[in-house]
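Trainee: Could you work out the structure for the sequence below:
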Amino acid sequence: MKKIGIASVFAALLISLMAFKPQKSKGEEAKIQWLTLEEAYKRNLKQPRKVFIDMYTEWCGWCKVMDKNTFKNAEVIDFTGKKFYAVKYNPEKDADVMLGKVSFKNMMNGKVTGFPTTVILDEKMNLIQPIAGYLEPRVFHQVLAYFGDNNYQKEPFDQFQQKTYPTKYTAKAQ
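Mentor: Next up is the predicted model:
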């Protein structure tokens, strides 16, 4: 009888210890894996993916808000990791990069009107779309889904936002 009691206590203790999952520390939280433009280009040669580029400057307040809110959103992080190479690019400091036969700065010449600007490139490193301004997490997730799953080839963005996105994507990025 005593053995059953000890075994029961031991089993209860073991079960209660297993219930405590190790908590991730702040340093272990999911994050976007940011690359340089050159790193993204090299990876893309081996495993093609679309690329989104966060064009920012150090003095840009809205760029900092995107870093704090949009790029820390779990849905944005998850979708980015599955479909894109993510690049941080400061045009005031970062060197120009050759993307095949075209330099990135020449590709963007006249297309960036302010910061932040999100630039979407296809799997062949061709420009699809620059998007100027701050994008809150839900809208940014919609942008990623629109381009990442090639919805941009099927319908206009406003139609995608109203019809396709709510039915096809369960993201609640806010």
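Trainee: From T164, how far off is P156?
Mentor: Taking C-beta to C-beta, to the nearest Å as the criterion, P156 is separated from T164 by 11 Å. Every C-beta, even on glycine, is put in place using the N, C-alpha and C of the backbone.
Trainee: Have a look at those two and say which one is more surrounded.
Mentor: T164 (17 against 11; other C-beta atoms under 10 Å).
Trainee: Now that one: closest residue in space that isn't a chain neighbour?
Mentor: N151 (6.2 Å; C-beta to C-beta, 6 or more residues apart in numbering).
Trainee: What residues does that neighbour make contact with?
Mentor: By C-beta atoms under 8 Å, 6 or more residues apart in numbering, the contact set of N151 is A145, F160, T164.
Trainee: try it again with 10 Å
Mentor: Q142, A145, F157, Q159, F160, T164, Y165, K168, Y169 (C-beta atoms under 10 Å, 6 or more residues apart in numbering).
Trainee: Name the SS class of V76, please.
Mentor: helix (DSSP: H, G, I helix; E, B strand; the rest coil).
Trainee: what's the neighbour count on W59?
Mentor: Count around W59 with other C-beta under 10 Å applied: 9.
Trainee: With C60 instead?
Mentor: 18.
Trainee: For L35, what are phi and psi?
Mentor: phi -120, psi 160 (degrees, to the nearest 10).
Trainee: Near it, how many other residues are there?
Mentor: Around L35 there are 19 residues (other C-beta under 10 Å).
Trainee: residue contacts, it?
Mentor: Applying C-beta under 10 Å, 6+ apart, the residues near L35 are Y41, K42, R43, N44, V51, I53, Y85, A86, V87, K88, Y89.
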